[in-house]
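[1] Please work out how this folds:
(one chain, ligands or ions: 1)
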Amino acid sequence: MNDRIMEGKTVVITGASAGLGAEAARQLAGLGATVVVVGRSPEKTAAVARQVGTEPLVADFARLTDVRKLADTLLDRYPRIDVLANNAGVVLSKRSRTEDGHDLMFQVNYLAPFLLTNLLLERLTTVGPARVLSTSSNGNRFAGVDLDDLEGARRRSEMLRYGMTKLQNILFSRELARRTQGTGVTATAFHPGIVATTEINRTNPLIAALVRYRLLGSLVSLEEGAAPLVHLATMPDPEAANGDYYHRLKPNGPAHPQAKDDQLATRLWERTADLLGVPVT
Ligand SMILES: NC(=O)c1ccc[n+]([C@@H]2O[C@H](COP(=O)([O-])OP(=O)(O)OC[C@H]3O[C@@H](n4cnc5c(N)ncnc54)[C@H](OP(=O)(O)O)[C@@H]3O)[C@@H](O)[C@H]2O)c1
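    Now for the predicted structure:
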């Protein structure tokens, strides 16, 4: 493989201040990409940006104004974006609401990347062929999406609500692929693998225990966990993965039955756009 296959490409990764996003940022920078490191903590984001030789961009997805500012900055500074990797995510053990009035986990994991992508969509489409990647999770299999309870308010378990947001990531990606057909933009969601060492697997005690005892499946290293994002960002024919959900490096990964419901994907998109006041194109 050509060592510098990403030379001249700009890759934006959210959640790149730590864990899988940071590792993917380093690997893609190693392949020659200009990697825009987006994170929440200014210090952690700056440290990773230093490693890959770019400017850090800080945004807290618990504030939709931050997401809008981030989109403005990206549009201002980067005339082309070849890959947008929506990777930031949280697992919480307690519910809380954002100042925008949404459930925090729902907003960070699903609403914010939906908004960011839509605000960048014209740029992604006109400068294409751009790839939009969504870091989902195998946890998507355990909880369905209810259009009358978009934020999962009626669900008791935070672990199941996390799964719901990750299924929403898959449906978002599938619908994005449908909406951008013929523009060159492609969209793919994926499960990275279970990496015990990242922060996300420490915040919810139940998930932490399930991971520790390997009850959610076998564990992979940080490098292996970053590999699917890197693979999808670099694969020569992204159309082959368009609209798909990968389980690590394999297409058509195991997912909740709703993951292939195109009607649900469309209605979820419309509901979300309505919630955010984003025009439905
Ligand atoms: N690790 C696993 O086993 C696993 C398995 C399946 C799926 N995933 C998915 O992989 C993605 C990355 O997770 P990870 O394992 O790398 O976890 P991590 O080490 O906890 O990293 C999470 C990243 O998301 C950012 N983030 C968290 N809250 C944010 C907010 N309010 N606004 C903006 N950014 C925020 C964090 O920023 P700061 O650090 O700057 O706060 C960090 O960069 C997530 O979407 C997760 O659902 C992980």
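
[2] What ranges does the stretch 1-150 of the chain have for its strands?
    For the stretch 1-150 of the chain, the strands defined by DSSP state E, counting those that start in this stretch occupy 10-13, 34-39, 56-58, 83-86, 131-135.

[3] Can you redo these as JSON lines, where the extra columns are distance to residue 198?
    Placement of C-beta: from N, CA and C, glycine included. Rendered in JSON lines, the data for the strands of the stretch 1-150 of the chain read as follows (distance: least, CB to CB, whole Å):
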{"stretch": "strand 10-13", "distance to residue 198": "14"}
{"stretch": "strand 34-39", "distance to residue 198": "13"}
{"stretch": "strand 56-58", "distance to residue 198": "19"}
{"stretch": "strand 83-86", "distance to residue 198": "15"}
{"stretch": "strand 131-135", "distance to residue 198": "11"}
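
[4] Go through these and name the closest to residue 76.
    Between residue 76 and the strands of the stretch 1-150 of the chain, the shortest separation by CB to CB is 11.0 Å, and it involves strand 56-58.

[5] In its sheet, which strands sit next to the closest one, and in what direction?
    For strand 56-58, the paired strands and their directions (DSSP bridges) are strand 34-39 (parallel).

[6] Would the strand it pairs with count as contacting the ligand?
    Yes: Strand 34-39 is in contact with the ligand by CB under 6 Å from any ligand atom, via residue 39.

[7] Dump that strand to PDB, keeping only the CA atoms.
    What follows is the C-alpha trace of strand 34-39 in PDB, where atoms were taken according to Å, rounded to 0.1, in the frame of the first residue of the first chain:
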ATOM      1  CA  THR A  34      -4.700  16.800   7.100                       C
ATOM      2  CA  VAL A  35      -6.700  15.700  10.100                       C
ATOM      3  CA  VAL A  36      -9.000  18.200  11.800                       C
ATOM      4  CA  VAL A  37      -9.100  17.200  15.500                       C
ATOM      5  CA  VAL A  38     -12.400  18.100  17.100                       C
ATOM      6  CA  GLY A  39     -12.900  17.500  20.800                       C
END
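
[8] Contacts for that strand next, please.
    9-18, 21-22, 25, 28-29, 45, 48-49, 52, 54-59, 70, 74, 78, 88 (CB atoms under 8 Å, 6 or more residues apart in numbering).

[9] circling back: any chance of the strands of the stretch 1-150 of the chain in TSV, plus mean neighbour count, mean pLDDT and distance to residue 175?
    As requested, these are exported to TSV (neighbours: other CB atoms under 10 Å; pLDDT from 0 to 100; distance: least, CB to CB, whole Å):
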stretch	mean neighbour count	mean pLDDT	distance to residue 175
strand 10-13	27	98	20
strand 34-39	28	98	23
strand 56-58	20	98	26
strand 83-86	28	98	14
strand 131-135	27	98	11
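
[10] Which one of the ones you listed lies nearest to residue 214?
    strand 131-135 (20.9 Å).

[11] Close to the ligand: what parts of this structure are there?
    Applying CB under 6 Å from any ligand atom, one finds that the chain approaches the ligand through 15, 17-21, 39-41, 44-45, 59-62, 87-90, 108, 135, 137, 191-192, 194-195, 198-201.

[12] Show me the longest helix that occurs in this structure.
    Secondary structure assigned by DSSP state H gives helix 158-179 as the longest helix of the chain.
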